[in-house]
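Visitor: prediction below, plus the sequence it came from.
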Amino acid sequence: MRGLKSKRVLITGGASGIGAATAARFLEEGSAVCILDRDAEARQKIQRALPGLAAALDADVSVLKQVQAAFADAIRLMGGIDVLVNNAGISIRHNFLDITPEEWDKVIAVNLTGVFYVAQTAARHMMERGSGVILQTASTNGVMGYPFYADYNATKAGVIELTKSMALELAPNVRVCAVAPGYVLTPMQRAEYTDAMLEEVNRKIPLRRHAQPEEIAALFAFLASDDAQNMTGHVYTCDGGETAGGLASR
Amino acid sequence: MQLSGKVALITGGASGIGRATARLFAREGAAIVLADVNVDAGKRVADEIAQSGGRAFFEPADVTRAADCRQLVERAVREFGRIDILFNNAGIIRRATVLDLSEDDWDRVMAVNVKAIYLLSREVIPHMQKAGGGTIVNTASGWGLAGGAKAAVYCASKGAVVLLTKAMAIDHGPQNIRVNCICPGDTDTGMLREEARQLGDENSRFLAESAKRPLGRIGTPEEIARAALYLASDASSFVTGTALVVDGGGLAGSL
């Protein structure tokens, strides 16, 4: 991808899944990469796997002070941030009728408030410098309805609208795009589904399979690159055709 | 090089987005089959690619005619052995309300912008199926997602392209054929100037108006070509049935 060499990239939720694959991809492109994650074990693991990382920083994105401290560290270590991959997120599988106020608050805190804290901190830094790219992990769950994830889906729809509004206010200096992955084989996904459930889902996807995290990483790399210089304010889908239409309705 | 060893068939390849894409795909290692009704300009693009060390030929074709599509695909397969990438890009515009639009113009726009995708895809897909996969990229438009003034048939045609793309993605995904479309905003091409002419608008005023979007400028054909490269290459291996908007934020919302 054009123009990623020596770009300085910060990735939240970067120690596992899509975030980790994206960190690996940007390193491969010659970028400097800091990841931010609150999972200490996962941070150690990714530092071993990706020794080229500038740092694996500890922060809970739902705590503003921790976000600000991690950004200060990342900026000190890399000299600035050109690309933010605002990716940290959680999900809980539960019936809408059973969602507790605590569960609701927890999902909103990470997926929406956390995304806002990270986005605003990055945007202030980038606007001061005059340029940058902010990419945010939404989901096909932010576009269509899915049972058992009402809270998660609401946050992802929120991320999409946040993305569009940020794009309008930060243009033309900073581009802001959202990525909507469909079903991806991440640890989060594996933990929630049995093999039979995975197979059932694959049947509903035109490409008949889940995405590899590397395939979502490729979309982040493209959107961050100079190849996407005229792309801002939209959500870009990578879902094997899942949301092109309902295969279930055949 | 992202397209080494691939063969790409590009319609509307004589100018604008098609020409920029042909040049970019050739630089990325693809052999190029260019189709267009504009013979002189089409030949020039093919010659230019060949002169800079690429593989390309031009085939005159009106992609609204089934016989032309069949011939085009036959020659492409004869010369290059396969088709990995189909870029259905040929398109025309008529800037008019339904009251001002002639029936001939309605039919012509729908034929070039929509029917041609059907006619050509049905020739190409069997070859992709035999080869174990392929990727189809259609040029839709921001006006396939939102309406615009005095562009009734163009909006109708591009809306059709978006949903034709999704329907084809569902049908052919299981055969590892990905189908996506690009939705460019106003792009610096001959067609944009043609719009100004049709509207009786002054060129510079029209272009300045077109640039009123978050990034403050119109797109370049090369920027749309790079989006086409993303969709044509393995970088997008799990992406199908999508409409990739490349419009400087034009449709993100109200400024």
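Guide: Happy to help now that I have it.
Visitor: and the helices in chain A?
Guide: Secondary structure of chain A (DSSP state H): helices at A:17-28, A:40-49, A:64-78, A:101-108, A:115-129, A:150-170, A:187-192, A:195-203, A:213-224.
Visitor: no wait, chain B
Guide: Going by DSSP H, chain B shows helices at B:16-27, B:39-51, B:66-80, B:103-110, B:116-131, B:152-172, B:190-199, B:203-210, B:221-232.
Visitor: let's have these in a markdown table, adding mean neighbour count, distance to chain A and mean pLDDT.
Guide: C-beta: built from backbone N, CA, C; applies to glycine. Converted to a markdown table, the helices of chain B look like this (neighbours: other CB atoms under 10 Å in any protein chain shown; distance: least, CB to the nearest CB, whole Å; pLDDT from 0 to 100):
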| stretch | mean neighbour count | distance to chain A | mean pLDDT |
| --- | --- | --- | --- |
| helix B:16-27 | 25 | 10 | 98 |
| helix B:39-51 | 17 | 20 | 98 |
| helix B:66-80 | 17 | 24 | 98 |
| helix B:103-110 | 14 | 22 | 98 |
| helix B:116-131 | 19 | 14 | 98 |
| helix B:152-172 | 21 | 4 | 98 |
| helix B:190-199 | 15 | 14 | 96 |
| helix B:203-210 | 13 | 13 | 95 |
| helix B:221-232 | 25 | 4 | 98 |
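Visitor: work out which residue lies at the spatial centre of the chain.
Guide: You didn't say which chain, so I picked chain A. Centroid-nearest residue in chain A: A:Asn87, 2.4 Å away (criterion: CA atoms, centre = their mean).
Visitor: correction: the question concerned chain B.
Guide: In chain B, the C-alpha nearest the mean C-alpha coordinate belongs to B:Asn89, at 1.9 Å (CA atoms, centre = their mean).
Visitor: picking that back up, just put the helices of chain A in JSON lines and tack on mean neighbour count.
Guide: Listed next are these as JSON lines, based on neighbours: other CB atoms under 10 Å in any protein chain shown:
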{"stretch": "helix A:17-28", "mean neighbour count": "24"}
{"stretch": "helix A:40-49", "mean neighbour count": "15"}
{"stretch": "helix A:64-78", "mean neighbour count": "17"}
{"stretch": "helix A:101-108", "mean neighbour count": "14"}
{"stretch": "helix A:115-129", "mean neighbour count": "19"}
{"stretch": "helix A:150-170", "mean neighbour count": "20"}
{"stretch": "helix A:187-192", "mean neighbour count": "13"}
{"stretch": "helix A:195-203", "mean neighbour count": "11"}
{"stretch": "helix A:213-224", "mean neighbour count": "25"}
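Visitor: hey, least reliable of those by pLDDT?
Guide: For the helices of chain A, mean pLDDT drops lowest on helix A:187-192, to a mean of 74.
Visitor: list the contacts of that one.
Guide: Outside of helix A:187-192, the residues within contact range by CB atoms under 8 Å, 6 or more residues apart in numbering or on different chains are A:Ser16, A:Gly17, A:Ile90, A:Ser91, A:Arg93, A:Tyr183, A:His210.
Visitor: now do the residue in the stretch 51-200 of chain B positioned nearest to chain A: how many residues are near it, please.
Guide: Closest residue of the stretch 51-200 of chain B to chain A, CB to the nearest CB: B:Gly173 (2.6 Å). Residues near B:Gly173, counting by other CB atoms under 10 Å in any protein chain shown, number 23.
Visitor: dump the residue contacts of it.
Guide: A:Ile205, A:Pro206, A:Leu207, A:Arg208, A:Gly240, A:Gly241, B:Val179, B:Thr240, B:Gly241.
Visitor: quick one: which of these sit in strands?
Guide: B:Val179 (DSSP state E).
Visitor: would you mind checking the contacts of B:Gly173 for buried ones?
Guide: Neighbour-count burial (16 or more other CB atoms under 10 Å in any protein chain shown) is assigned, among these, to A:Ile205, A:Pro206, A:Leu207, A:Gly240, A:Gly241, B:Val179, B:Thr240, B:Gly241.
Visitor: does the second one touch A:Tyr183 like I think?
Guide: No. Counting by CB atoms under 8 Å, A:Pro206 stays clear of A:Tyr183, with 11.9 Å between them.
Visitor: any common contacting residues for these two?
Guide: A:Gly240, A:Glu242.
Visitor: about what we covered before: for A:Ala224, which of the helices of chain B is the nearest?
Guide: Nearest of the helices of chain B to A:Ala224, taken as CB to CB: helix B:221-232 at 12.1 Å.
Visitor: ok and that closest one relative to helix B:16-27, angle-wise?
Guide: Counting by axes from the mean of the first three to the mean of the last three CA atoms, to 10 degrees, helix B:221-232 lies at 60 degrees to helix B:16-27.
Visitor: what does helix B:221-232 rub up against?
Guide: Here helix B:221-232 has contacts from A:2, A:222, A:227-231, B:2-3, B:6, B:8, B:16-17, B:19-21, B:23-25, B:28, B:85, B:87, B:89, B:135, B:137, B:139, B:178, B:180, B:182, B:184, B:187-189, B:236, B:239, B:244, B:246, using CB under 8 Å, 6+ apart.
Visitor: on that earlier part again, isn't the residue nearest to the centre of chain A up against A:Thr12?
Guide: Yes. Counting by CB under 8 Å, A:Asn87 does reach A:Thr12; the two are 5.3 Å apart.
Visitor: where do the contact lists of those two overlap?
Guide: By CB under 8 Å, 6+ apart, A:Asn87 and A:Thr12 have these common neighbours: A:Gly19.
Visitor: tell me who's in contact with residue 28.
Guide: Reading this off chain A. Counting by CB under 8 Å, 6+ apart, A:Glu28 makes contact with nothing.
Visitor: not what I meant, chain B
Guide: Contacts of B:Glu28 by CB under 8 Å, 6+ apart are B:Met1, B:Gln2, B:Leu3, B:Ser4, B:Leu229, B:Ser233.
Visitor: so what sits opposite the spatially closest residue to A:Gly79 that is not a sequence neighbour in the bridge?
Guide: Once flanking residues are discounted, A:Gly79 sits nearest to A:Arg8: 6.7 Å by CB to CB, 6 or more residues apart in numbering or on different chains. Under DSSP bridges, the beta-bridge partners of A:Arg8 are A:Ala32.
Visitor: A:Arg8: neighbour count?
Guide: Counted with other CB under 10 Å, residues neighbouring A:Arg8 total 21.
Visitor: can you pull the contacts of it?
Guide: Per CB under 8 Å, 6+ apart, neighbours of A:Arg8: A:Ser31, A:Ala32, A:Cys34, A:Met78, A:Gly79, A:Gly80, A:Ile81, A:Asp82, A:Val83.
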